[in-house]
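K.L.:
quick one, fold the following:
(2 chains)
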Protein chains: 2
Amino acid sequence: MKSKIRIGIVGYGNLGRGVEQAISQNPDLELVAIFTRRPPDQIEARGNLVSIADIDSYQDKIDVMILCGGSSRDLPRQGPLYAARFNTVDSFDLHSRIPAYFEEVDAAARSAGKLSLISVGWDPGLFSLARLMFQSILPEGKSYTFWGKGVSQGHSVAIRQIPGVRDAVQYTVPVPATVEKIRQGQIPVLTPRQAHQRICYVVAEPGADTGEIEETIKTMPGYFADYDTTVHFITGEEFAASHTGMPHGGFVIRTGKTGGKHKQQTEFRLALESNPQFTGSVLTACARAVYRMHKTGAIGACTIFDLPLGYLSPKSPEDLRKELL
Amino acid sequence: MKSKIRIGIVGYGNLGRGVEQAISQNPDLELVAIFTRRPPDQIEARGNLVSIADIDSYQDKIDVMILCGGSSRDLPRQGPLYAARFNTVDSFDLHSRIPAYFEEVDAAARSAGKLSLISVGWDPGLFSLARLMFQSILPEGKSYTFWGKGVSQGHSVAIRQIPGVRDAVQYTVPVPATVEKIRQGQIPVLTPRQAHQRICYVVAEPGADTGEIEETIKTMPGYFADYDTTVHFITGEEFAASHTGMPHGGFVIRTGKTGGKHKQQTEFRLALESNPQFTGSVLTACARAVYRMHKTGAIGACTIFDLPLGYLSPKSPEDLRKELL
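P.N.:
So this is what the prediction gives:
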């Protein structure tokens, strides 16, 4: 029997749990350990929980480490740190800081002879790949990225910080009339308001002024002021019953022109009932790819643009050509 | 100024013309020559038409040759022949023969130190990539490929061979109710009839028995008997006005499950007003990729599964990370 690819997970939040479940769906992968900062004996997990303090002793026991920390506080430190010790995969998603992050991880991985795939998931990740392919194939045209319907954690947190709010969730939703126009082949220039709307479900504290809460949300600069925002006040029961999932999705669409007159449209779409589980599934397939690419001698940092996608699959190149081409 | 990538085209039918127009949209590419079996002075083209007999004298003048011949009669001979002389790209699409074709092209290209990308376009090609990615990311699930609405050349030709038919075109169309079901997350097992329907527009010869023509079409084994087929008889004028384009498209869709209960859906969709121009645009971006991959030392035959997709773009890895990731 072929030996399994040995995977480690750093960070055991929603994404780490998503990776854990994804590994269980892939018989060629083995989850060796989940590294956490919390006392491991206080957490329930299927996998082997280990204190992050002991991670260095796993350098010969793990082929690829999947970094599941946050992009603001965890990855800027953990990315370069673990890239110097392991092959890694991460979902660093602060777009403007990606070039600097790439350089740091690249230097660390390169000097250690390791390979690190940064900024994968679905956006950045699969959506980035769609933008790249569509633009390369149809150089004359216009691309759009729409997100949702899905929960935006940042916007939900912003609402929860308003006095009088007990709980809240915010869904980002593409504006249906705009989507319809673009699918029909129009290529409008869009304001944020024309592209997405924001729908909020809020549980107010007893006696709170809901009118004031609604006004505060709708006029919040940076988060809501530039969008058509709808606020629904609901009970704690309704919230618990219908708004604790983490759905998301969206699509990348491009309308291009060839030969001066023929419209050509390409679209990549996702509809996800669980954002962290899907992202975890992407990272897991990517861990397999990193293992195989590193075997060919590749080192340093790379992105999904550098990855021959056949490496994502457990199948051999021969089987892929026969079954999927 | 950076020198341009020098491209040649073999075969000047619809696909060759599609590649010609695509090259004109890409300033980093230069069309050096179009090779044809017909007397070059009898054809109208923007590019430099050259007799195929002179192709060997272009070995130092062309970086990548795009083979635009047919899969049945041209490519089985031309693929290995030109792979031994040039880097090549082709759209060989006879699925069952791909493994054998790959081996032949691989041997020819490898011994010449050249690189050949086979079987690209949109299916096989982009759709293959979607099938691969979706299956790798969501191992528990079911994928579907739908084609259309679009013209099937093979089915159109089959109708034209029926006595009494002057002209005909056949559109393959996904069955709307089935598509709706799948987009909603159901994963039915489909017969051909449940997946696609066939809609035919036929111009009959004066005095022909249209009832008999319709019956002959609908009962034709292999082509129509297994499908719900609709036949419309129209005039030659209507045909010329509305049915001489080559639209096509379709989509690859997968519904998977993660964590035992969350449905995750991924879809890649194309809506094309000109099939040969879009396919030509894919081959053209792939020619750029082959040029760049060959520069890194890659030789032999490869498929889109082996290609780091960043090579499709004229942009540098740094710019891609900054602009598209």
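
K.L.:
spell out which parts of the stretch 151-300 of chain A neighbour chain B.
P.N.:
A:249, A:256, A:258-259, A:262-274, A:277-278, A:280-282, A:285, A:288 (C-beta under 8 Å from any C-beta of the partner chain). From N, CA and C alone the C-beta is placed, and that goes for glycine too.

K.L.:
so A:Phe233 touches A:Glu205, yeah?
P.N.:
No: A:Phe233 lies out of contact with A:Glu205 (C-beta atoms under 8 Å); the separation is 11.1 Å.

K.L.:
strand partners (parallel or antiparallel) of the helix or strand containing A:Phe268?
P.N.:
Using DSSP states H and E, A:Phe268 sits within strand A:262-272. Partners of strand A:262-272 in the sheet, by DSSP bridges, are strand A:248-258 (antiparallel), strand B:262-272 (antiparallel).

K.L.:
let me see the mean pLDDT of that strand.
P.N.:
The predicted model gives strand A:262-272 an average pLDDT of 98.

K.L.:
what about the helices in the stretch 51-200 of chain A?
P.N.:
For the stretch 51-200 of chain A, applying DSSP state H, counting those that start in this stretch gives helices covering A:75-83, A:98-112, A:126-137, A:153-160, A:176-183, A:192-195.

K.L.:
on that earlier part again, A:Phe233 and A:Glu205: which is more packed in?
P.N.:
Comparing A:Phe233 with A:Glu205 by other C-beta atoms under 10 Å in any protein chain shown, the one with more neighbours is A:Phe233, at 16 against 12.

K.L.:
any idea what the more buried one is bridged to?
P.N.:
Counting by DSSP bridges, A:Phe233 forms beta bridges with A:Val202.

K.L.:
show me what contacts it?
P.N.:
By C-beta atoms under 8 Å, 6 or more residues apart in numbering or on different chains, the contact set of A:Phe233 is A:202-204, A:210, A:213.

K.L.:
alpha carbons only: can I get the helix or strand harbouring A:Leu283 in CSV?
P.N.:
Using DSSP H and E, the element containing A:Leu283 is helix A:275-295. C-alpha atoms of helix A:275-295 as CSV (Å, rounded to 0.1, in the frame of the first residue of the first chain):
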residue,chain,number,x,y,z
ASN,A,275,-17.9,28.5,3.9
PRO,A,276,-15.3,27.2,6.4
GLN,A,277,-15.9,23.6,5.3
PHE,A,278,-15.5,24.4,1.6
THR,A,279,-12.4,26.6,2.2
GLY,A,280,-11.0,23.7,4.3
SER,A,281,-11.7,21.3,1.4
VAL,A,282,-9.8,23.6,-1.0
LEU,A,283,-6.8,23.9,1.4
THR,A,284,-6.8,20.1,1.8
ALA,A,285,-6.6,19.4,-1.9
CYS,A,286,-3.9,22.0,-2.1
ALA,A,287,-1.9,20.3,0.6
ARG,A,288,-1.8,17.2,-1.6
ALA,A,289,-0.6,19.4,-4.5
VAL,A,290,2.1,21.0,-2.4
TYR,A,291,3.4,17.6,-1.3
ARG,A,292,3.6,16.4,-4.9
MET,A,293,5.1,19.7,-6.3
HIS,A,294,7.7,19.7,-3.5
LYS,A,295,8.7,16.2,-4.5
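
K.L.:
avg pLDDT for the helix or strand following that helix?
P.N.:
Tracing the chain past helix A:275-295, the next element assigned as helix or strand by DSSP H and E is strand A:300-302. Computed over strand A:300-302, the mean pLDDT rounds to 98.

K.L.:
strand A:300-302: partners in the sheet, and parallel or antiparallel?
P.N.:
Applying DSSP bridges, strand A:300-302 is found paired with strand A:115-117 (parallel).

K.L.:
now do the strand it pairs with, average pLDDT.
P.N.:
For strand A:115-117, the mean per-residue pLDDT is 98.

K.L.:
right, so the helices of the stretch 51-200 of chain A: which one is the most enclosed?
P.N.:
Most buried of those by mean neighbour count (mean count of other C-beta atoms under 10 Å in any protein chain shown) is helix A:126-137; its value is a mean of 24.

K.L.:
work out the gap between that one and the centre of the chain.
P.N.:
Relative to its parent chain, helix A:126-137 has a centroid offset of 16 Å by C-alpha atoms, centre = their mean, to the nearest Å.

K.L.:
is chain B within reach of that helix?
P.N.:
Yes: using C-beta under 8 Å from any C-beta, we find that helix A:126-137 touches chain B at A:126, A:128-129, A:131-133, A:135-137.

K.L.:
convert that helix to CSV, retaining C-alpha atoms only.
P.N.:
Extracted C-alpha coordinates of helix A:126-137, given in CSV (Å, rounded to 0.1, in the frame of the first residue of the first chain):
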residue,chain,number,x,y,z
LEU,A,126,-10.4,29.6,-7.1
PHE,A,127,-11.9,33.0,-7.9
SER,A,128,-8.4,34.4,-8.6
LEU,A,129,-7.8,31.5,-11.0
ALA,A,130,-11.1,32.2,-12.8
ARG,A,131,-10.2,35.9,-13.1
LEU,A,132,-6.8,35.0,-14.5
MET,A,133,-8.1,32.4,-17.0
PHE,A,134,-11.0,34.6,-18.2
GLN,A,135,-8.8,37.6,-18.7
SER,A,136,-6.1,35.7,-20.5
ILE,A,137,-8.5,34.0,-22.9
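
K.L.:
tell me the helices and strands packed up against that helix.
P.N.:
Based on contacts counted as 3 or more C-beta pairs under 8 Å, 6 or more residues apart in numbering or on different chains; DSSP states H and E, the elements that helix A:126-137 packs against are strand A:141-147, strand A:248-258, strand A:262-272, helix B:275-295.

K.L.:
phi first, then psi, for the most centrally placed residue in chain A.
P.N.:
Nearest residue to the geometric centre of chain A (C-alpha atoms, centre = their mean): A:Gly121, 3.9 Å. Dihedral pair for A:Gly121: phi 140, psi -150, per degrees, to the nearest 10.
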